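# how does the following fold in three dimensions:
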Amino acid sequence: MGTHDLITRARDGDGEAFEELTQPYRRELQVHCYRMLGSFQDAEDVLQDSLLAAWQGLASFEERASLRTWLYRIATNRCLNARRSASRRQAKEWDVPEVEPAEPTRLGEVPWLQPYPDALLKGAVKVPPGPEARYEQTESISLAFVTALQLLPPRQLAVLVLRDVLGFHANEAADMLDSTVGSVNSALKRARASLQMKVSSGGHHHPAPISNSPLEDAIVAKFVAAYESSDLDSLVALLTDDVFTSMPPLPFEYEGREPTSRFFAGIFGSGRKFNLLPTRANGQPALGAYVRDTTGVSHGVGLFVLTLTGDRICAMTRFENNVLPWFGLPRSLPSR
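Numbers count the residues shown, from 1 in each chain. You can find the predicted model right below:
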């Protein structure tokens, strides 16, 4: 059945027709919402809100643009509303028992950041971008890129994602945002300059190893061995001089090998013993972290996402244990 026939049926209240119409776009729309919001939970909430708005507003869809473009218009504006709201997640107090954190080098600006499971990227980042896209789809889902996006003003963020990530033409972006081409081009210029400054401030690194390559696997294996054995020297040897460690929604951030070393010295010095389970997030290697109790059972305490450069780790982002189920990871591990 053709798109027009499905639209006609959906307008008459056929929910199955609407489901068939929108299903091909749901994953890419969720990734779009995630890029704009930086939060997996918020992205899912806004996606559902956007689909409801599309269902309720289907009568107003005039089919001048494609259904995909119309859905992106709705989702983008719902994301902008969410970005402007005052209910974004706030930073938390340090709550790791028996561990006193080292003095951070700075406090984070994006406490609402959450990881995105690679399992949900299938079929979403392989979508061919428009002709004016400047970023690879996989690059534009990385934690560093998504974090940098969160620091842009909402309007600039929307324009940059629509134009440089998705490759929509300027007139299409202007129509989505009820704006003018001139305004979109001006916002894009400012957004590109701001994003370039944020990316450049992270230093210049070698390319990351190919995903799931022997080199990537070797680096991750060395990290696991060092972490599970509380071998601080081996862990630090894997890090670049300018390694960056963060842990949203905790605001503590550590820039450089020495501050990061002091932080992990406190973790290892507590006597806690860890088990790590591999997964992937944001196109990057990730590890569920579990702490063993006196009975040998290990309880999930968080998720590490590693950013690699060459044969080193240039960034580590630690998330709370509530994200583990998104990756199919258990809350606890039986004793070995």
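
# contacts for stretch 249-264?
Applying C-beta atoms under 8 Å, 6 or more residues apart in numbering, the external contacts of stretch 249-264 come out as 89-95, 101-108, 111-112, 232, 235-236, 239-247, 316, 320. In short, each C-beta sits where N, CA and C put it, glycine included.

# remind me, longest strand of the chain?
strand 298-309 (DSSP state E).

# now that strand: mean pLDDT?
Averaging pLDDT along strand 298-309 yields 96.

# give the next helix or strand downstream of it.
strand 312-320 (DSSP states H and E).

# quick one, that next one and strand 298-309 angle?
Orientation of strand 312-320 against strand 298-309 (axes from the mean of the first three to the mean of the last three C-alpha atoms, to 10 degrees) gives an angle of 150 degrees.

# pairing partners for strand 312-320, with directions?
Here strand 312-320 is paired, per DSSP bridges, with strand 239-247 (parallel), strand 298-309 (antiparallel).

# buried ones in the first one, by neighbour count?
If I follow you right, that is strand 239-247. By 16 or more other C-beta atoms under 10 Å, the buried positions in strand 239-247 come out as 239, 240, 242, 243, 244, 245, 246, 247.

# next SSE downstream of that strand?
strand 250-255.

# and the helix or strand following that next one, how far out from the chain middle?
On the C-terminal side of strand 250-255, the nearest following helix or strand under DSSP H and E is helix 257-269. Centre-to-centre, helix 257-269 and its host chain are 25 Å apart (C-alpha atoms, centre = their mean, to the nearest Å).

# export only the CA atoms of the helix or strand that helix 257-269 is followed by, formatted as PDB.
For helix 257-269, the succeeding helix or strand toward the C-terminus, using DSSP H and E, is strand 274-281. Extracted in PDB, the C-alpha atoms of strand 274-281 (Å, rounded to 0.1, in the frame of the first residue of the first chain):
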ATOM      1  CA  PHE A 274      35.400  -4.800  40.400                       C
ATOM      2  CA  ASN A 275      34.100  -6.900  37.600                       C
ATOM      3  CA  LEU A 276      33.600  -5.300  34.200                       C
ATOM      4  CA  LEU A 277      31.200  -6.400  31.400                       C
ATOM      5  CA  PRO A 278      31.700  -5.200  27.800                       C
ATOM      6  CA  THR A 279      29.000  -3.400  25.800                       C
ATOM      7  CA  ARG A 280      28.900  -0.400  23.400                       C
ATOM      8  CA  ALA A 281      27.500   3.100  23.700                       C
END
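
# so, low pLDDT: which residues of the stretch 51-200 of the chain?
86-88, 126, 200 (pLDDT under 70).

# quick one, helices of the protein?
Ranges of helices in the chain, per DSSP state H, are 3-11, 15-22, 26-37, 40-56, 67-84, 143-150, 154-160, 170-176, 181-200, 214-228, 232-237, 257-269.

# thanks a lot, catch you later.
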